[in-house]
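Novice: okay, here's the prediction I keep looking at, along with the sequence it came from:
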Amino acid sequence: MSAEGPGGARPTKEEKTQLSRLAAENKQLKLEISELKKSNQELLAQLNALSGKDGEPTPGTSQPSQVVEEKEANPESSEGSATGEKGEKDVPEE
């Protein structure tokens with residue numbers, strides 16, 4: 001991979017700064033997602049313990065977690081290139 005941006009031009013200092021900032025923000029968001037997933041699993045376990053007294057999970061709770069785990073297996077597939085071309089609309093500006 002080269003350090004060239006779109007059109008073959010090298011990225012400007014401002015673009016490098018923005019990419020660095022976005023990379024740091026992306027890393028922080030991934031950490032938050034990881035924490036939320038862990039919390040979600042703990043809450044699902046509590047829900048199952050409370051509502052599935054016979055040991056069976058509550059209907060509808062096991063399938064969504066399996067879908068989440070499948071997405072976790074390849075988290076890079078939903079991300080765009082370093083320029084943020086894909087997925088740019090996914091993160092609202094504050």
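Specialist: Looks like it arrived, so ask away. Numbering: from 1, shown residues only.
Novice: for the chain, what's the longest helix?
Specialist: Determined from DSSP state H, the single longest helix within the chain is helix 13-51.
Novice: what residues of it count as buried?
Specialist: Within helix 13-51, the residues scored as buried using 16 or more other C-beta atoms under 10 Å are Leu44, Asn48. Placement of C-beta: from N, CA and C, glycine included.
Novice: so what does it touch, helix or strand wise?
Specialist: helix 62-73 (3 or more C-beta pairs under 8 Å, 6 or more residues apart in numbering; DSSP states H and E).
Novice: tell me the mean pLDDT for stretch 27-40?
Specialist: The average pLDDT within stretch 27-40 is 98.
Novice: using CSV, write down the CA coordinates of that stretch.
Specialist: Provided in CSV are the C-alpha atoms of stretch 27-40 (Å, rounded to 0.1, in the frame of the first residue of the first chain):
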residue,chain,number,x,y,z
LYS,A,27,-10.3,2.9,18.0
GLN,A,28,-12.2,4.5,20.9
LEU,A,29,-15.6,3.6,19.4
LYS,A,30,-14.5,0.0,18.9
LEU,A,31,-13.5,-0.1,22.6
GLU,A,32,-17.0,1.3,23.5
ILE,A,33,-18.7,-1.3,21.3
SER,A,34,-16.7,-4.1,22.9
GLU,A,35,-17.7,-2.9,26.4
LEU,A,36,-21.4,-2.6,25.3
LYS,A,37,-21.3,-6.1,23.8
LYS,A,38,-19.9,-7.5,27.1
SER,A,39,-22.6,-5.7,29.0
ASN,A,40,-25.2,-6.9,26.6
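Novice: tell me where this protein is predicted with low confidence.
Specialist: Counting by pLDDT under 70, the low-confidence segments of the chain come to 1-7, 53-94.
Novice: go again using 80 as the cut-off
Specialist: 1-8, 52-94 (pLDDT under 80).
Novice: and Thr12, how far from Leu19?
Specialist: Distance, Thr12 to Leu19, using C-beta to C-beta, to the nearest Å: 10 Å.
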